[in-house]
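Participant: give me a 3D structure for the following:
(one chain, ligands or ions: 2)
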Amino acid sequence: MGTALVYHEDMTATRLLWDDPECEIERPERLTAALDRLRQRGLEQRCLRLSAREASKEELGLVHSPEYVSLVRKTQVLGEEELQALSGQFDAIYFHPSTFHCARLAAGAGLQLVDAVLTGAVQNGLALVRPPGHHSQRAAANGFCVFNNVAIAAAHAKQKHGLHRILIVDWDVHHGQGIQYLFEDDPSVLYFSWHRYEHGRFWPFLRESDADAVGRGQGLGFTVNLPWNQVGMGNADYVAAFLHLLLPLAFEFDPELVLVSAGFDSAIGDPEGQMQATPECFAHLTHLLQVLAGGRVCAMLEGGYHLESLAESVCMTVQALLGDPAPPLSGLMVPCQSALESIQSARAAQAPYWKSLQLQGQCGQVLGCRIPPQAPCSGYDSELSLDVTPVPTSPSTHSPEGRPPPLLPGGPTCKAAAPAPAPSSLLDQLCLCPAPSVRTTVALTAPDITLVLPPDVIQQEGSALREETEAWARPHESLVREEALTALGKLLYLLDGMLDGQVNSGIAATPASAAAATLDVAIQRGLSHGAQRLLCVALGQLDRPPDLAHDGRTLWLNIGGKEAAALSMFHVATPLPVMTGGFLSCILGLVLPLAYGFQPDLVLVALGPGHGLQGPHAALLAAMLRGLAGGRVLALLEEDSTPQLAGILARVLRGEAPPSLGPSSVASPEDVQALMYLRGQLEPQWKMLQVRLIAEGPLPWGPALPQRSVGRAGQVSAENQLQCRRPAARLLPAPPPVVPSSPGGLKSAKVGAFTPQK
Ligand code: X5A
Ligand code: ZN
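Facilitator: Ligands and ions are numbered 1, 2, ... in the order given. Model (predicted):
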């Protein structure tokens with residue numbers, strides 16, 4: 001299934017006819033700049049192009065009053081002076097004789113996109129529209145917006161497709177107060193907006209844009225506002241907001257559809273937003289949303305006034321929708337103090353309504369913390385700079401100042417000197433090189449596994465040279481057996497393909513008895529072959545290789561250990577959470593913050609003996625880890641894993657959405673305790689873990705938690721089912737077969753000894 005791009009060139013017609021400094025930034029070139037860049041990058045050609053239609057009177061009536069719609073209709077025949085006079089009755093609005101036509105196309109484009117996604121014609125898509133919509137209200141135009149495109153699409157998805165849970169993510173830098181007003185008491189629409197607020201001193205200057213506006217009546221807790229009180233918010237702040245606020249609620253809500261009010265005035269260079277997030281950040285935000293709702297994501301353009309920044313950010317969004325790996329984020333991944341305060345106050349305001357926030361809140365109190373004085377945002381008054389893509393990771397990304405401090409109090413000595421800022425690091429290359437032609441390769445050893453692989457996933461036949469394989473195997477007793485050697489040879493060949501940039505991601509299998517040794521070799525090989533920072537997520541009974549250096553080049557994370565323990569900041573173990581809710585908070589609250597903070601250029605994820613992970617959980621983990629290292633992820637499986645597990649991993653690694661997990665369960669007390677313990681240990685060093693303001697300096701290291709048996713994620717007891725935040729469950733109707741699918745997608749390619757799967 002592909003990606004739709006909905007557009008109509010008529011939407012370039014509306015424009016400002018008189019002098020108005022506030023409105024002049026909303027101009028036709030916004031659309032043409034974005035579209036031209038999509039064409040230049042070959043992205044438009046990979047999408048299913050849909051020509052926008054006009055929304056009908058009835059469809060506009062889902063959200064707007066009939067009187068307002070006819071008022072806007074009448075602007076078609078007004079002269080310039082009358083248009084200007086009418087415009088003056090609204091805040092930040094201009095009308096043009098073409099406004100009614102354009103605004104009906106903009107709303108219609110959203111409807112077409114939602115129909116294409118909900119009928120199964122495409123997986124996801126973007127509507128490139130003008131005028132924008134999210135400020136528009138039942139009977140009022142506002143902030144360049146005439147009809148509320150996203151709100152109309154949501155109402156339509158409910159009415160025509162029978163949906164019960166829709167998530168709206170408004171990443172535009174302005175508060176979409178229009179959407180908030182329209183769904184304020186509606187529990188079937190969860191509305192999330194972050195916005196420049198500056199304690200109420202930024203447009204639209206509304207008290208109800210603050211974090212304590214959480215909805216009303218039945219809709220309490222279904223409005224989520226994250227006000228930014230300083231400008232200069234960047235990649236780390238945005239990712240932290242997703243990991244620690246939006247995504248926990250979104251998983252608990254379990255949406256059937258995600259609508260994005262995709263304004264790019266929240267990107268660097270924009271004159272309205274004054275923020276610092278780089279275009280690649282939007283690939284990550286999109287990627288993070290694609291794990292929801294089975295990947296049904298409909299993005300609709302809102303703001304975005306710096307043409308260069310807008311065009312790049314639109315490309316990043318479409319790339320992610322197409323399933324391409326996200327380029328690594330540049331800059332230090334340390335959220336600023338003001339962002340942390342905002343995230344914390346939104347979490348506090350929402351905590352009464354969301355189980356996923358409650359348990360952690362309690363633990364925060366147990367740990368006891370004091371609030372440090374406010375620090376300014378990094379880069380808050382810095383000069384705007386927007387690199388023309390590709391944006392190379394600046395050497396400062398790798399500088400020691402940004403790395404966590406070298407020594408952990410109480411932990412073993414570990415030298416965390418930052419890896420030398422090698423100009424040839426994979427991370428730098430990732431930014432400069434085109435994506436590998438082969439996206440995913442599967443190197444399996446058991447030929448009897450009948451894998452149903454997507455056509456562009458390559459089955460690898462090749463193997464490393466025998467002598468080389470034996471040399472790597474020599475120190476390991478468990479690698480002397482012939483089967484283990486064969487598997488290792490294939491793994492080394494695949495790993496080399498990834499490190500040399502021929503292949504993006506892969507899956508390799510190994511006999512269970514050789515899993516630990518094979519992983520050890522894979523780490524050594526990765527580090528000696530160009531990886532600067534290697535993240536290893538080991539599930540099940542896999543011990544950290546004994547001679548792995550504590551030099552900051554490897555971050556070892558074991559999920560499935562007996563107890564939660566941080567032996568150093570680069571060596572972390574946690575038990576496998578028992579409940580789905582615990583698994584999710586482990587991923588969002590521990591694994592991804594560490595991973596984003598570490599900025600690896602290679603990720604190994606090993607499902608070792610007794611990993612206990614169910615397919616959907618493994619798929620979610622792999623899908624989310626794919627956001628790191630430019631998608632350079634190697635999954636290591638046991639040979640006797642089911643074809644289903646290998647198949648689902650192959651699909652998410654090539655960019656398909658993981659299946660949704662369904663109703664969530666709350667985390668067990670043990671899950672929460674383990675997570676809180678590790679956060680307490682690691683927060684001082686890994687700033688992306690922070691969800692509350694903690695004391696400057698390290699927290700005291702407490703005693704290790706008592707041992708507990710290894711549980712299984714996903715076993716949900718009835719009393720732990722969450723019902724309250726999930727309005728009436730109802731399955732989506734089976735998508736009827738519809739129209740042509742996207743012509744895009746990567747073709748099978750033959751590279752070296754990689755041969756296409758039949
Ligand atoms: C859609 C959008 C902004 C209006 C700003 C008025 N509107 N000062 O970004
Ligand atoms: Zn905006």
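Participant: all contacts plus neighbour counts: C-alpha atoms, from now on.
Facilitator: Will do.
Participant: what about residue 298, is that helix, strand or coil?
Facilitator: strand (DSSP: H, G, I helix; E, B strand; the rest coil).
Participant: ok, it touching residue 286?
Facilitator: No - if you go by Cα atoms under 8 Å, residue 298 and residue 286 don't touch, sitting 10.2 Å apart.
Participant: which one's more surrounded, the two?
Facilitator: Using other Cα atoms under 10 Å, the more surrounded residue of residue 298 and residue 286 is residue 298, with 30 against 24.
Participant: and the more buried one, how far is that from ligand 2?
Facilitator: 18 Å (Cα to the ion, to the nearest Å).
Participant: do you know the pLDDT at that residue?
Facilitator: Looking at residue 298, its pLDDT is 99.
Participant: so what's residue 138 up against?
Facilitator: Residues in contact with residue 138 (Cα atoms under 8 Å, 6 or more residues apart in numbering) are 63, 64, 65, 68, 178, 182.
Participant: the residues you listed, buried ones only, as a PyMOL selection?
Facilitator: Restricted to buried positions by 16 or more other Cα atoms under 10 Å, the PyMOL selection for the contacts of residue 138 reads:
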select buried, resi 63+64+68+178+182
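Participant: closest to ligand 2 among the contacts of residue 138?
Facilitator: residue 178 (12.1 Å; Cα to the ion).
Participant: who touches the host helix or strand of that closest one?
Facilitator: Using DSSP states H and E, residue 178 falls within helix 177-183. With Cα under 8 Å, 6+ apart as the test, helix 177-183 has contacts from 63, 134-138, 148, 150-151, 189, 191, 209, 219, 223.
Participant: is ligand 2 contacted by the helix or strand following it?
Facilitator: Downstream of helix 177-183, the first helix or strand assigned by DSSP H and E is strand 189-196. No - residues of strand 189-196 are not located near ligand 2 by Cα under 5 Å from the ion, the shortest gap being 8.5 Å.
Participant: what packs against strand 189-196?
Facilitator: On a contact count with 3 or more Cα pairs under 8 Å, 6 or more residues apart in numbering; DSSP states H and E, strand 189-196 meets strand 166-170, helix 177-183, strand 223-228.
Participant: 7 Å instead, please
Facilitator: strand 166-170, strand 223-228 (3 or more Cα pairs under 7 Å, 6 or more residues apart in numbering; DSSP states H and E).
Participant: name the nearest residue to the residue sitting nearest the centre point of the chain, sequence neighbours excluded.
Facilitator: In the chain, the centroid-proximal residue (Cα atoms, centre = their mean) is residue 288; its distance is 1.7 Å. Closest residue to residue 288 apart from its sequence neighbours, by Cα to Cα, 6 or more residues apart in numbering: residue 624 at 6.9 Å.
Participant: doesn't that neighbour lie inside a helix?
Facilitator: Yes - according to three-state DSSP, residue 624 belongs to a helix.
Participant: give me the number of residues near it?
Facilitator: For residue 624, using other Cα under 10 Å, the count is 24.
Participant: same check, this time on residue 612
Facilitator: Neighbour tally, residue 612, other Cα under 10 Å: 21.
Participant: give me the element it is part of.
Facilitator: Remark: residue 612 resides in no helix or strand, with elements defined by DSSP H and E.
Participant: so where is the stretch 401-550 of the chain shaky, pLDDT-wise?
Facilitator: Within the stretch 401-550 of the chain, the stretches falling below the threshold (pLDDT under 70) are 401-435, 437, 446-451.
Participant: run the last query once more with 50
Facilitator: 401-423 (pLDDT under 50).
Participant: residue 284: which element?
Facilitator: Assigned by DSSP H and E, residue 284 falls in helix 279-289.
Participant: and that helix, what does it pack against?
Facilitator: Using 3+ Cα pairs under 7 Å, 6+ apart: helix 279-289 touches helix 307-321.
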